[in-house]
Structures are given as structure tokens and as C-alpha cells.
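> pasting the sequence and the predicted model now:
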Amino acid sequence: MSNEQAKSDLAEILDGFADQMRIITQLQRERAALTASATASGKRVTVTVNADGTVIEIRFGSGIEDLDYPEIAKAVTAAAQQAAAEVARRGRDIMAPVSQNRNRLPKLTDIVPGMPDLTKELAIPEPPVVSTAPPKSAERLSGFQGSTIDTEQPRRGGATDSGW
């Protein structure tokens, strides 16, 4: 490969990278604007989440008074999980072109002769599936026995403690 060809290839890669960054920025903005809503218990509970799956609104419809507190809690949880799953799916759909464009870019091994292919070593591992089980469920307890975090513990002390 000639020096001029290498410079041309590098310029093409840099232009492609700049285009990719512009696309990613636009897609991230689109994703950030996403919301999703889901209903449960015969449309008596509606939960809306933002792009990160954070609950941003809970609405109760007519007939909510027919449910007891545990039923309302279960409906809110179910609707929130459904809405979060939907917003996550839509977010993946929005960001899909990034993966497609990345696959079209030349690999470093195509440009630098003798460069080892580190594709597998540099790949980001797939994250584990996150549980939607309740905090004290058997699934959660068996999966997180080594965890030292317990949000159920009562707080000790406060702003008026001498340790502040």
C-alpha cells in the first residue's frame, strides 16, 4: 500500500468516524425524548417511564377503589415493568443504525498491515439479564447472596448527630 493510499484511507476513516459521531448524537437525542406507558388491572393503573425506564407518572383510573393496596402495588409494578420493557425496546430500535454503521467501517487490521485482530478481545460483553423479581423473592435472594447492600436496613443517625 502506498503512502498516498494510506493517507486517503485514513482520511476516509476519519470522515466516516465524524459522520458516525453526528449520527450517534442525533440518535441519542431521539432516544432521550422517548417515553412509554403501560396499563394494568383493567386500565385502572397507568405508569409512564422515561427513556431510562424511570417512572415519571402514575395515574389511577376509575375503579381503582375496587382494588386493595396489595393489588394496586402489584398493578403499578406490572405496568412499570411493561413500560420499561417497551421503552428499552424502542431505544434499541433507535440505536440499531449505530451497530449497522460500525459493521461497515474497515477494521484496523485492514489498514495496518500485520496488526493482530483484537475484535473479540475488545468486544463489550453482553450484560446479564436484570431481574424484575421483588426484593425478598427467592430468585433475588439466591442471585445476590454475596451482596452487602440492603436498602431495607433502618438508617442510623441523622443530620443532628455529632458525627456530622
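That came through, no problem. Numbering: from 1, shown residues only.

> flag every buried residue along the longest helix along the chain.
When secondary structure is assigned using DSSP state H, the longest helix within the chain turns out to be helix 69-104. Residues of helix 69-104 classed as buried under the neighbour-count rule (16 or more other Cβ atoms under 10 Å) are 72, 74-76, 78-84, 86-88, 90-91, 94. Heads up, the C-betas are built off the backbone N, CA and C, glycines and all.

> one more: stretch 20-27?
For stretch 20-27, burial by neighbour count (16+ other Cβ under 10 Å) applies to Q20, L27.

> how about the residue nearest to A83 when sequence neighbours are not counted, what does it touch?
Spatial nearest neighbour of A83, excluding adjacent residues (Cβ to Cβ, 6 or more residues apart in numbering): A38 at 4.0 Å. When the contact criterion is Cβ atoms under 8 Å, 6 or more residues apart in numbering, the partners of A38 are T46, V47, A78, A79, A80, Q81, Q82, A83, E86.

> would you confirm that A38 belongs to a strand?
Yes - residue assignment for A38, taken from DSSP: H, G, I helix; E, B strand; the rest coil, places it within a strand.
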